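1. When you get a sec, could you give me coordinates for this:
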Amino acid sequence: MSSQPINGQRFELEGGGVAWWPCLIGKNTSVGIGTSIGALAHIGQHVTVGERCKIQGSAYIADHCNIGDDVFIGPNATLLNDRFPPSGNVDAWQPIDVGSHAVIGGNSTVVAGCNIGDNAVLAAGAVLTKDLPNGEVWAGNPASYLMKRSEYEAKREAKT
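-> Modelled structure (predicted):
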């Protein structure tokens, strides 16, 4: 039996974030105050994660991506950086920028170079193949416009 804990352990990160073991946070990655990273998440190298983000278990964020403040990334969500893997050519990579207050649903995939705007929502299981504008909700494979974020919030409030 391994000497590693079976149930996750909480680790305080420099800068005030928290991560749950086991997870990977790459070299030269910055994690903002109040951010939580779930077990089995993979955060690549040279990634910037803003403040108060919630990155759930098994999420994958490729090298050089940028995540704004107050972003939610669901379990098993994948953010890629290489349109033609494995290129091995960092100069050809197209890292993703995610705007503040965005929501990325569980099991969704964001193809390299497809940015997500502020207050945007990518539905669970969606595959984003082009930029998602500010304040819009997209779903499907390939993801397409579903509604405005304000409509999404109204529906969410009605359910609670």
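
2. and His42, how many residues sit next to it?
-> Per other C-beta atoms under 10 Å, the neighbour tally for His42 reads 16. C-beta coordinates here come from the backbone N, C-alpha and C atoms, glycine included.

3. So what does it have for phi and psi?
-> His42 adopts backbone torsions of phi -120, psi 110, taken as degrees, to the nearest 10.

4. All further residue positions should be reported with the first residue as 24.
-> New numbering, starting at 24: the last item is His65.

5. quick one, what contacts the closest residue to Gln68 other than its chain neighbours?
-> Among residues not flanking Gln68 along the chain, Gly49 sits closest, at 3.5 Å (C-beta to C-beta, 6 or more residues apart in numbering). Contacts for Gly49 (C-beta atoms under 8 Å, 6 or more residues apart in numbering) come out as 66-70, 86.

6. And the furthest pair within these?
-> Ile66 and His69 (10.3 Å; C-beta to C-beta).

7. Could you check which of the two has the larger neighbour count?
-> Ile66 (24 against 15).

8. these two touch, right, the more buried one and Val72?
-> Yes - the criterion here is C-beta atoms under 8 Å, and Ile66 meets it with Val72 at 6.8 Å.

9. Pull the number of nearby residues for Ala64.
-> Residues lying near Ala64 (other C-beta under 10 Å) number 24.

10. cool, Gly97 as well?
-> 22.

11. And for the one 5 residues further on?
-> Leu102 has 26 neighbouring residues, counting by other C-beta under 10 Å.
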